[in-house]
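J.: Sequence and predicted structure, then a few things I'm wondering about:
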Amino acid sequence: MKPVLGLDFGGTKLAAGLVDPQDGRILRSLRCDTPNERMADKSLKAMLSMASDLVKTYQNRSLKGIGVSFDGPVEANGRVPRFSMHVSGWEGFPLAETIEKTFKFPTRIGHDADAAALGEYRFGAGQGVKNMLYFTVSTGIGGGVIINGKLHRGEHSWAGEVGHMTLKPDGPLCPCGRRGCLEALSSGLSIARTARERLKQPIPKPKPSEYKISILNDLPMEELTSKTVADAAQKGDLLAKSIWNEAMTWLGIGIASAANILNPGRVVLGGGLSHAGDLMFTTVRKVVKARAMDQTLEVVPAKFRENVGVVGAAALIMD
């Protein structure tokens, strides 16, 4: 069977791979850093170069099609990016048309979270259910919705923006410009921000000594990340555990809220923060169990990690 070429335009990395459409195996792949200039034309040039190398090494040089996972929202036609949060110049760019002219194969573009959701549904942790929710919890929070085995993009292709559910109207400012979004409460950036804020506050009572000896106090403010907070929490640091558990509680509330609307058979969690394993899933599952109407709902880790963009991109062309 002809492979699918999956292209993943990320904010910091670019990846391309030939994917077996039967089982999602990556037959060969290439990756590189997103060019320092952070310009669309530079990223496109680097991606087309990797894609050309892969096509040339494939003996038959015939593909089922080309799928593109894009770091930002995409127009409802699945062919044109609306914008990228990290790379300028993508607004309204005819990306699918450009790729089709270069390689002569049908091309479809999807938001990276939509692509990841479809990849996990077809080849990963979403197999075996008809309806699935995917959350990517990383620097920000995104999501994808599968309904009756199909990617659901909504009337104007804004479905799955789970990171921008308002959970705390008077909460912290979100990158989208609104307050109290899930992303502003549970993302990697929000966890790091909360850690910096807590360390600047007066030591709380009645247990000042337990906060004074926090591992986080030994780190320069600019080195505080969600990972350093997670690592400290794993070691039993009380301040880190407080920050982390608060963020995971909000995440559980967000998941349960979305699940109560869509009633998925499974919720799949991916993204960098999901690599914390039980540190994430124990709290999240407890909160979801307490708040979800469907008590059979499963919350599971994603199968794919660094390859989810390429596999998800390939799944787009097969949908």
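T.: Nice, thanks for sending it over. Numbers count the residues shown, from 1 in each chain.

J.: Which parts of this structure are helices?
T.: With DSSP state H, the ranges of helices along the chain come out as 40-57, 95-103, 112-123, 182-186, 188-200, 208-212, 226-234, 238-262, 278-291, 308-318.

J.: can you put these in CSV and add mean pLDDT and mean neighbour count?
T.: For the C-beta atoms, the positions are set from N, CA and C on the backbone; glycine is no exception. Listed next are those as CSV, based on pLDDT from 0 to 100; neighbours: other CB atoms under 10 Å:
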stretch, mean pLDDT, mean neighbour count
helix 40-57, 94, 16
helix 95-103, 96, 17
helix 112-123, 96, 29
helix 182-186, 97, 27
helix 188-200, 93, 18
helix 208-212, 57, 12
helix 226-234, 95, 21
helix 238-262, 97, 21
helix 278-291, 98, 17
helix 308-318, 94, 28
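
J.: Can I get those in CSV including distance to residue 19?
T.: Shown next, in CSV, are the helices of the chain (distance: least, CB to CB, whole Å):
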stretch, distance to residue 19
helix 40-57, 11
helix 95-103, 15
helix 112-123, 9
helix 182-186, 29
helix 188-200, 28
helix 208-212, 49
helix 226-234, 29
helix 238-262, 28
helix 278-291, 28
helix 308-318, 4
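
J.: Nearest to residue 3, out of the ones you listed?
T.: Closest to residue 3 of those is helix 308-318 (CB to CB; 8.1 Å).

J.: For that closest one, output the C-alpha coordinates as CSV.
T.: Presented in CSV, the C-alpha positions along helix 308-318 are these (Å, rounded to 0.1, in the frame of the first residue of the first chain):
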residue,chain,number,x,y,z
VAL,A,308,2.4,12.4,17.1
GLY,A,309,2.7,15.3,14.6
VAL,A,310,3.9,13.2,11.7
VAL,A,311,1.4,10.3,12.5
GLY,A,312,-1.4,12.7,13.0
ALA,A,313,-0.6,14.6,9.8
ALA,A,314,-0.8,11.3,7.9
ALA,A,315,-4.1,10.4,9.5
LEU,A,316,-5.6,13.7,8.2
ILE,A,317,-5.2,12.6,4.5
MET,A,318,-6.9,9.3,5.4
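
J.: and residue 147, which of the helices of the chain is closest to it?
T.: Nearest of the helices of the chain to residue 147, taken as CB to CB: helix 238-262 at 7.4 Å.

J.: quick one: the closest one to chain centroid distance?
T.: Centre-to-centre, helix 238-262 and its host chain are 16 Å apart (CA atoms, centre = their mean, to the nearest Å).

J.: Give me the nearest residue to residue 316, chain neighbours excluded.
T.: residue 67 (3.8 Å; CB to CB, 6 or more residues apart in numbering).

J.: residues contacting the one you found?
T.: 4-7, 107-110, 115, 312-318 (CB atoms under 8 Å, 6 or more residues apart in numbering).

J.: Quick check, central residue of this structure?
T.: residue 136 (3.2 Å; CA atoms, centre = their mean).

J.: and the gap between that residue and residue 284?
T.: Computed as CB to CB, to the nearest Å, the residue 136 to residue 284 distance reads 14 Å.

J.: what's the overlap in contacts for those two?
T.: In contact with both residue 136 and residue 284: residue 269, using CB under 8 Å, 6+ apart.

J.: of all the contacts of residue 67, which comes closest to residue 47?
T.: residue 7 (5.8 Å).

J.: ok, the closest one touching residue 71?
T.: No - taking contacts as CB atoms under 8 Å, residue 7 lies outside contact range of residue 71: 11.5 Å.

J.: What is the neighbour count of residue 276?
T.: By other CB atoms under 10 Å, 19 other residues sit near residue 276.

J.: ok, for it, nearest residue in space, not its chain neighbours?
T.: Of all residues beyond its chain neighbours, the one nearest residue 276 is residue 230 (4.8 Å), with distances taken as CB to CB, 6+ apart.

J.: do the same with residue 138
T.: Spatial nearest neighbour of residue 138, excluding adjacent residues (CB to CB, 6+ apart): residue 271 at 3.7 Å.

J.: again, but for residue 235
T.: Per CB to CB, 6+ apart, closest to residue 235 is residue 215, 6.6 Å.

J.: Could you report the separation of that neighbour from residue 232?
T.: In terms of CB to CB, residue 215 sits 4 Å off from residue 232.

J.: so what sits against both of those two?
T.: Common contacts of residue 215 and residue 232 (CB under 8 Å, 6+ apart): residue 240.

J.: what does stretch 215-231 rub up against?
T.: Looking at what lies outside stretch 215-231 - CB under 8 Å, 6+ apart - the contacts are 187-189, 191-192, 195-196, 199, 232, 235, 237, 239-240, 243-244, 272-273, 276, 279.

J.: how far is it from where the chain is centred?
T.: Worked out by CA atoms, centre = their mean, stretch 215-231 lies 22 Å from the chain centre.
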